[in-house]
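Asks: coords please:
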Amino acid sequence: MSQIKKGALLNYITIFLTNVVGLFITPFILNHLGKSEYGIYTAIGALVGTISVLDLGLNNTIIRFVAKYKAEKDRRSEENFLATTMLIYIAISIVIVIIGFIFYGHIDSYFTKMNSEEINISKTIFILLIFNLAIGLPGGSFVAICYGYENFVFPKSINVVRYLLRTIVVVSILLMGGKAIALVIIDTVFNILFMLTEAYFVFFKLKVRIKLHYFSSVFLKKIFSYSIWIFVYGIVAQFQWKSGQIVLGNFSNTEVLAVYAIGLTLGSYYGAFSSAITGVFLPRATQMIANNASPAELTDTMIKIGRVSFIVLMYVLGAFYLYGKQFVFLWVGESYYDSYLIAVIIMVVYTIPLVQGFTGPLIEAQNKVAFKAVIYLVFLALGTLLGFFLAKKHGAIGMIGGTVIGWFIAQNVMNVFYHRVLKLDVLRFFKELFNKILISFLFILAIGYFINYIPGNGWINFIAKASIYSIAFIVIMYKFGTIPYEKELFSGIFTKIRN
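Replies: The predicted structure is shown next:
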């Protein structure tokens, strides 16, 4: 099996671990930390996470340029490039420490609803996370170098091992009475150990050298001209997933922060189900772009990928809408009802961007990344601002409401862009996307609604409801919601599972 295939397999293993294990460990962490300390843990994590955009997209730049110089067998340029990026990373780390020092002095004045004990915990966590970030950004370049060398197995295997070991250690520490600060210390130790392991692999196994042969402003410009839009996408991701916690932290208590964090966690899992499907098809889509496929052919492929993804997402969305409240109550407790609502809102608005995942490589291939980055940045920033005002009255629900409104507007602007600039037939896409699937899904929802009347509230009752819903969804969607291509695709998957 090739490095690429092994890497893809390990990627799916990582997706499975982060989602399935995450579902089990989140309530465990929450119960042992308590609602207040969990809220601090996630809010400070989000705050430091926003500073991580200072990475400036250099990791992706490293992958591209290392692969280029390796293909050209230009060892000297590779060494000089890596030395230049390391100098940039050192400068970034210094800036991070300075910004961290400034933020540290204002934590108590920003998080106004925290008491003195919570402020002290926040400051300790903040210092540790800033240290993690300052060493972690340069350390991430070792993984990028591995990818540039098309060596995917080692870094992805290390990632799986790290996740499993961290889970075991976290559970052990929490059982012994450890709190949020202990969790951050664990992450700090793991970051250092695994960064050293990756560095050893890069220097002694791949025989990579980092040496500054010359310093060129032209070379620097070349690096940043590629990374700048990746940097903008990084800012977009902060507005999308982390800005809400930072905004809420200014005028909400730690319990509200915990509720918001749980809702975001559940909402983010939703995307992983789609990624696991679209990831199988996207290499073929990228090939079509390279071969100058016509807009009609690209639209056909977009429909094909979108429909398969849409079926999977409708299964998850329907199940969570119908039985998610019971799941959340069993998972983390009845006080997290708003987390259920936040997750449902995210899932509904996130669906269309996910089923249009094919447009990602298409935009990159046609060098239109800047437009999408700016559109999402502007409208998500406005959405965050709207969320700030709505949150004053409606709390966490208001915050996510403002965010997704900005998200929704940006996606509709992009649909006009796909139609007019990329020449995709967006109207045909939606018509064929909803064909058979939507009516079948509505019928399944009606059946699922009556399944909810099965008496009981425990885990066995939940599993029974979810199982009956799953059977109904598979039978009805397969029989009435799919077209011949999809029937053949799903039949092939079931055949492989049976064998």
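Asks: quick one: contacts for the most centrally placed residue in the chain?
Replies: Nearest to the mean C-alpha position of the chain, by Cα atoms, centre = their mean, lies residue 268 at 6.2 Å. Contact analysis of residue 268 by Cβ atoms under 8 Å, 6 or more residues apart in numbering lists 241, 346. The C-beta positions use only the backbone N, C-alpha and C, and glycine is treated the same way.
Asks: going forward, begin numbering at 269 instead of 1
Replies: Shifting the count to begin at 269 puts that one at residue 536.
Asks: starting at the chain centroid, how far to the helix ranked longest in the chain?
Replies: The longest helix of the chain (DSSP state H) is helix 637-688. On the basis of Cα atoms, centre = their mean, to the nearest Å, helix 637-688 is displaced by 17 Å from the centre of the chain it belongs to.
Asks: next SSE after it?
Replies: Next helix or strand after helix 637-688 toward the C-terminus (DSSP states H and E): helix 694-702.
Asks: pLDDT at residue 684, what is it?
Replies: At residue 684 the predicted local distance difference test score is 94.
Asks: low-confidence stretches in the stretch 369-518 of the chain?
Replies: Where the stretch 369-518 of the chain drops to pLDDT under 70, the residues are 494.
Asks: where do the helices sit along it?
Replies: Counting by DSSP state H, counting those that start in this stretch, one finds helices in the stretch 369-518 of the chain at the ranges 375-378, 384-416, 421-443, 448-468, 485-509, 511-519.
Asks: got the buried residues for the fourth one?
Replies: Read that as helix 448-468. Neighbour counts over helix 448-468 (16 or more other Cβ atoms under 10 Å) mark 448-452, 454-456, 458-459, 462-463, 465-467 as buried.
Asks: leaving aside the residues adjacent along the chain, what's closest to residue 533?
Replies: Once flanking residues are discounted, residue 533 sits nearest to residue 294: 6.2 Å by Cβ to Cβ, 6 or more residues apart in numbering.
Asks: the one you found: neighbour count?
Replies: 17 (other Cβ atoms under 10 Å).
Asks: tell me which element it falls in.
Replies: Taking DSSP H and E as the criterion, residue 294 maps to helix 290-319.
Asks: with residue 580 instead?
Replies: Counting by DSSP H and E, residue 580 is part of helix 563-599.
Asks: residue contacts, residue 677?
Replies: Residue 677 touches 647, 651, counting by Cβ under 8 Å, 6+ apart.
Asks: roughly how far apart are it and residue 643?
Replies: Separation of residue 677 from residue 643 (Cβ to Cβ, to the nearest Å): 9 Å.
Asks: ok so, going back, for the following helix or strand past the helix holding residue 294, buried residues please.
Replies: Once helix 290-319 ends, the next helix or strand along the chain (criterion: DSSP H and E) is helix 326-340. Neighbour counts over helix 326-340 (16+ other Cβ under 10 Å) mark 326, 327, 328, 329, 330, 331, 332, 333, 334, 337, 338 as buried.
Asks: if I look at the first one, what pLDDT would I see?
Replies: It stands for residue 326. The model reports residue 326 with a pLDDT of 78.
Asks: again, but for the fourth one
Replies: The predicted structure scores residue 329 at 80 on the pLDDT scale.
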